[in-house]
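Asker: next input, structure requested:
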Amino acid sequence: MFAIIKTLLMLLVPAVFLKLLVFIIATYLSIKTKYDSVAIGRRINYWISYILIVNHAVLFVVLLIFLQAKGLSLRSIGWSFIAEKNILWLDIIIGVVFGVVLFYFEHLILVRLRRAAQRAFGGYRLHSDEDIRQTWFSWLIAGTVFAGIVEESIYRGYAITQLSSSMGTAWALVISSIFFGLLHWGQGLWSMVSAMILGACYGGLFIWRQALIAPAIAHAVYNFIIIMKQSKGTSVLR
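Answerer: Numbers count the residues shown, from 1 in each chain. As a prediction, this is how the structure comes out:
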């Protein structure tokens, strides 16, 4: 039970630490702008990609500490390029195809479900169509490299590997997906639910391939398409 609690705490750290970073930056901007809410919101939108990069870099160090404390390695949670029944080039192809499919699944189905849920049940919703053309490169780094490596390491590799031995693979998949959704608190209530669904898809891919290459690439490809479209002023999230 103690091992499960430690794993759940590790899964909660990303969302809490991100919240803390945003709070610190928002407090600083409040003082600097003399509590101008419009200016604060605009500057937070500008800095959020950099905040995510810092957040994920710190999280990766925390993950390495957790792994070392347990006597584990990155290889033990799925970062293996030469694993049994695992062919690198095949995982790369699967990851790319999966990422594209997930983008269209989100764009054609989940977006409509979010809108319907918002109209029917309400729930907080933050504006997510901000212009990212000035910061598209930092968003690209945050959304592909850091999200693909760090988030998949924590929510798929570490979480599913650790929880499966205690509660079974199905529950490990469900719980890791819920915590992955919580990381996306800044996008609104129903976007968190969408993230949980996408997290379950990445988790299923990890369980199938028994390695992190495919889900990491799928995650990076999915984010890459969204970021590139938004960098051209095309909204694909709402």
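Asker: do a quick rundown of the helices in the chain.
Answerer: Secondary structure of the chain (DSSP state H): helices located at 2-32, 37-69, 88-105, 111-121, 136-140, 152, 159-167, 169-182, 189-209, 213-231.
Asker: which strands or helices does the fifth one pack on?
Answerer: Contacts of helix 136-140 with other secondary structure elements, assessed using 3 or more CB pairs under 8 Å, 6 or more residues apart in numbering; DSSP states H and E, are made with helix 37-69, helix 213-231. (Glycine included, C-beta is placed from N, CA and C.)
Asker: pick out the shakiest of those helices, pLDDT-wise.
Answerer: In terms of average pLDDT, helix 37-69 trails the rest of these, at a mean of 90.
Asker: chain center to it, what's the gap?
Answerer: Distance of helix 37-69 from its chain centroid, counting by CA atoms, centre = their mean, to the nearest Å, is 12 Å.
Asker: in that helix, what counts as buried?
Answerer: 40, 43-45, 47-56, 58-60, 62-63, 66-67 (16 or more other CB atoms under 10 Å).
Asker: packed most tightly, which of the helices of the chain would that be?
Answerer: Counting by mean count of other CB atoms under 10 Å, helix 152 has the highest mean neighbour count of those, with a mean of 29.
Asker: residue 118 touches residue 191, doesn't it?
Answerer: No. Using CB atoms under 8 Å, residue 118 makes no contact with residue 191, being 9.8 Å away.
Asker: okay, now residue 109: neighbour count?
Answerer: The number of residues packed near residue 109 is 12, by other CB atoms under 10 Å.
Asker: per-residue pLDDT, it?
Answerer: Model confidence at residue 109 (pLDDT) stands at 96.
Asker: likewise the one 4 residues further on?
Answerer: We have a pLDDT of 94 for residue 113.
Asker: where's it relative to residue 69, distance?
Answerer: Distance of residue 113 to residue 69, computed by CB to CB, to the nearest Å: 40 Å.
Asker: cool, and residue 27?
Answerer: Taking CB to CB, one finds residue 27 at 32 Å from residue 69.
Asker: show me the contacts for residue 54.
Answerer: Going by CB atoms under 8 Å, 6 or more residues apart in numbering, residue 54 touches residue 21.
Asker: redo that, cut-off 10 Å
Answerer: Residue 54 is in contact with 17, 18, 21, 25, 47, 142, 146, counting by CB atoms under 10 Å, 6 or more residues apart in numbering.
Asker: ok, so of those, who is nearest residue 33?
Answerer: The nearest member of those to residue 33, counting by CB to CB, is residue 25 at 11.9 Å.
Asker: that closest one against residue 45, yeah?
Answerer: No. Counting by CB atoms under 10 Å, residue 25 stays clear of residue 45, with 11.2 Å between them.
Asker: I'm done for today, thanks for sticking with me.
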